[in-house]
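**Q** structure of the sequence below:
(one chain, ligands or ions: 1)
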Amino acid sequence: MLGDGGGPGCMARLLGFRRPMTQNSNVNAERTLRVGVVGVGVMGSNHARVFAGLPGVELVGVADPDKKQTDFVARTLGCAALGTVEELLDLGVDAITVAAPTHLHRDVALACIARGVHVLVEKPIASTVEEGNEIIDAAREAGVTLMIGHVERFNPAVEAIKEAVRNEDILSIAITRVGPFPPRMSNVGVVIDLAVHDIDLIRYFTDSDIVEVQPQLSSAVAEREDIALLQFRTASGVLAHINTNWLTPFKARQVTVATRGKYVMGDLLTRQVTECFGFQPDGSYSMRHLSVGHAEPLRSELLAFLSAVRTGAAPAVTGEQGVTSLRIAIQCLTDRPPAVAPAKHKAPRVVAG
Ligand SMILES: NC(=O)c1ccc[n+]([C@@H]2O[C@H](COP(=O)([O-])OP(=O)(O)OC[C@H]3O[C@@H](n4cnc5c(N)ncnc54)[C@H](O)[C@@H]3O)[C@@H](O)[C@H]2O)c1
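**A** Below you'll find the model as predicted:
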């Protein structure tokens, strides 16, 4: 649902006020930041909604070739509706979310960076590692902030798990991210679309790089892989497992982390996080629910992005981290036995005994 906001002066600015074509990437701490969103489908319309409600921020406009959707979002939020990124840049913006389909991230991000505009690029950073690196290099040269939208980092349940395992000796991590097929199929499978979130989380929880990948993929219904069981080993020796698919009738996002001293269980949807600790030789242990915040992850993500824009500090999720997670996801697609359809059991299975 789109909320309201955006400011009544939007049309006046459209008609009158114009900034120079090349933006100054230095923004001071007090000035209202002028922001925009490119691609206002499922994810981008949420970025626009959240931007419109943030203090010290003005949603200048949204750009998308789908005129009906762009007009709807712009009308709801009270900002300009544009057809292209260039038209949005011409209005004068400090920062932009790139939420167009992934194969367009590189071109859209480079267009923004060339005009000195800070960019938050939705995950995954790009379609290929090379394209991701192009975005990183361009942002570095232009001196603009580049952050990647790995929004799960800002899920309060993830923050609680991270806090629970900080200073613990992590042994293994298991993540389940399953659900039904998305309403609109893009040209990527579950590994690039879903598992990339969890590859990022494994690296985040362990503060370590993934050095071994053992993927098992299958295409049960879709052309691309729609089931993936992925195993990893990190440089720090942690074993990790991702179970993801589009063949589950309901959404589930669960994380368990085993450490030498604790067993932490988190539900990223209900945001319930529980830890077992105080293991005794007789098998007994203690258990407690951890306190978890209520903030909307996307709001926290956008606040973190804008804080990095204002201060010039490194963003919470860097382009390099985005590329590393993408590289591991692509490795899952390339370092694997050929995908096969699951075997069909023609006759009922007989259980012996
Ligand atoms: N962080 C997350 O949890 C999360 C969730 C969903 C999607 N995403 C990412 O967000 C991006 C968009 O995914 P989505 O699900 O919102 O897709 P979507 O298909 O719902 O929306 C994409 C929008 O981009 C528009 N578009 C197409 N060409 C464009 C162009 N040249 N310029 C501007 N806009 C253009 C389309 O018209 C559409 O409205 C993808 O990169 C996806 O991986 C991230």
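**Q** and the helix or strand where Cys112 lies, what's buried?
**A** Here Cys112 sits within helix 105-114, counting by DSSP states H and E. Buried residues in helix 105-114, counted by 16 or more other C-beta atoms under 10 Å: 105-106, 108-113. Every residue, glycine included, has its C-beta placed from N, CA and C.
**Q** and the nearest residue to Cys276 once chain neighbours are set aside, which of the three is it?
**A** Among residues not flanking Cys276 along the chain, Tyr263 sits closest, at 4.3 Å (C-beta to C-beta, 6 or more residues apart in numbering). What DSSP: H, G, I helix; E, B strand; the rest coil gives for Tyr263 is strand.
**Q** surely Tyr263 and Thr256 touch.
**A** Yes. Checked against C-beta atoms under 8 Å, the pair Tyr263 and Thr256 is within contact range at 7.0 Å.
**Q** circling back: same for the helix holding Cys112, what does it pack against?
**A** helix 85-90, strand 95-98, strand 118-122, helix 129-142 (3 or more C-beta pairs under 8 Å, 6 or more residues apart in numbering; DSSP states H and E).
**Q** so what does the longest one touch, helix or strand wise?
**A** In this structure, helix 129-142 packs against helix 105-114, strand 118-122, strand 146-149, helix 319-334, with contacts taken as 3+ C-beta pairs under 8 Å, 6+ apart.
**Q** list the neighbours of that helix that are in contact with it.
**A** The contact list for helix 129-142, computed with C-beta atoms under 8 Å, 6 or more residues apart in numbering, reads 25, 105-106, 109-110, 113-114, 116, 119, 121, 124-126, 145-146, 319-320, 322-323, 326-327, 330.
**Q** list the buried residues in that helix.
**A** 129, 131-136, 138-139, 142.
**Q** between all of the residues you listed, which two are separated the most?
**A** Val129 and Ala142 (20.5 Å; C-beta to C-beta).
**Q** who in the chain is up against the ligand?
**A** Within the chain, the positions near the ligand by C-beta under 6 Å from any ligand atom are 38-44, 63-66, 69, 85, 99-102, 104, 122-123, 149, 151, 184.
**Q** could you pull out the strands in this structure for me?
**A** Ranges of strands within the chain are 33-38, 57-63, 80-82, 95-98, 118-122, 146-149, 170-178, 210-218, 227-234, 239-245, 252-259, 262-267, 272-277, 286-289, based on DSSP state E.
**Q** would CSV of those strands with mean neighbour count and mean pLDDT be doable?
**A** Output for the strands of the chain, formatted as CSV (neighbours: other C-beta atoms under 10 Å; pLDDT from 0 to 100):
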stretch, mean neighbour count, mean pLDDT
strand 33-38, 26, 98
strand 57-63, 27, 98
strand 80-82, 22, 98
strand 95-98, 29, 98
strand 118-122, 27, 98
strand 146-149, 28, 98
strand 170-178, 20, 98
strand 210-218, 17, 97
strand 227-234, 20, 98
strand 239-245, 21, 98
strand 252-259, 20, 98
strand 262-267, 20, 98
strand 272-277, 18, 98
strand 286-289, 11, 98
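**Q** the ones you listed: which one's closest to Leu298?
**A** The closest of the strands of the chain to Leu298 is strand 146-149. By C-beta to C-beta, the value is 8.5 Å.
**Q** just how off-centre is the closest one within its chain?
**A** 9 Å (C-alpha atoms, centre = their mean, to the nearest Å).
**Q** residues touching it, excluding its own?
**A** 43, 97, 99, 109, 113, 118-125, 135-136, 139, 301, 304-305, 308, 315-319, 321-322.
**Q** isn't Val213 up against Cys332?
**A** Yes. Counting by C-beta under 8 Å, Val213 touches Cys332, with 5.8 Å between them.
**Q** shared neighbours, these two?
**A** Leu230.
**Q** who's in contact with the closest residue to the ligand within the stretch 1-150 of the chain?
**A** Using C-beta to the nearest ligand atom, Gly41 is the residue of the stretch 1-150 of the chain that sits closest to the ligand, at 1.8 Å. Taking C-beta under 8 Å, 6+ apart, we find Gly41 in contact with 64, 66, 69, 99, 184.
**Q** residues touching Thr259, list them.
**A** 165, 168-171.
**Q** list just the nearest of these to the ligand.
**A** Val165 (22.5 Å).
**Q** now the closest one: closest residue in space, sequence neighbours ignored.
**A** Val165's closest residue in space is Val257 (C-beta to C-beta, 6+ apart), at 5.3 Å.
**Q** can I see the domain layout of this protein?
**A** 10-144, 153-295+319-334 (automatic domain parsing).
**Q** least reliable of the ones you listed going by mean pLDDT?
**A** Between the domains of the chain, the one with the least mean pLDDT is domain 10-144; it has a mean of 89.
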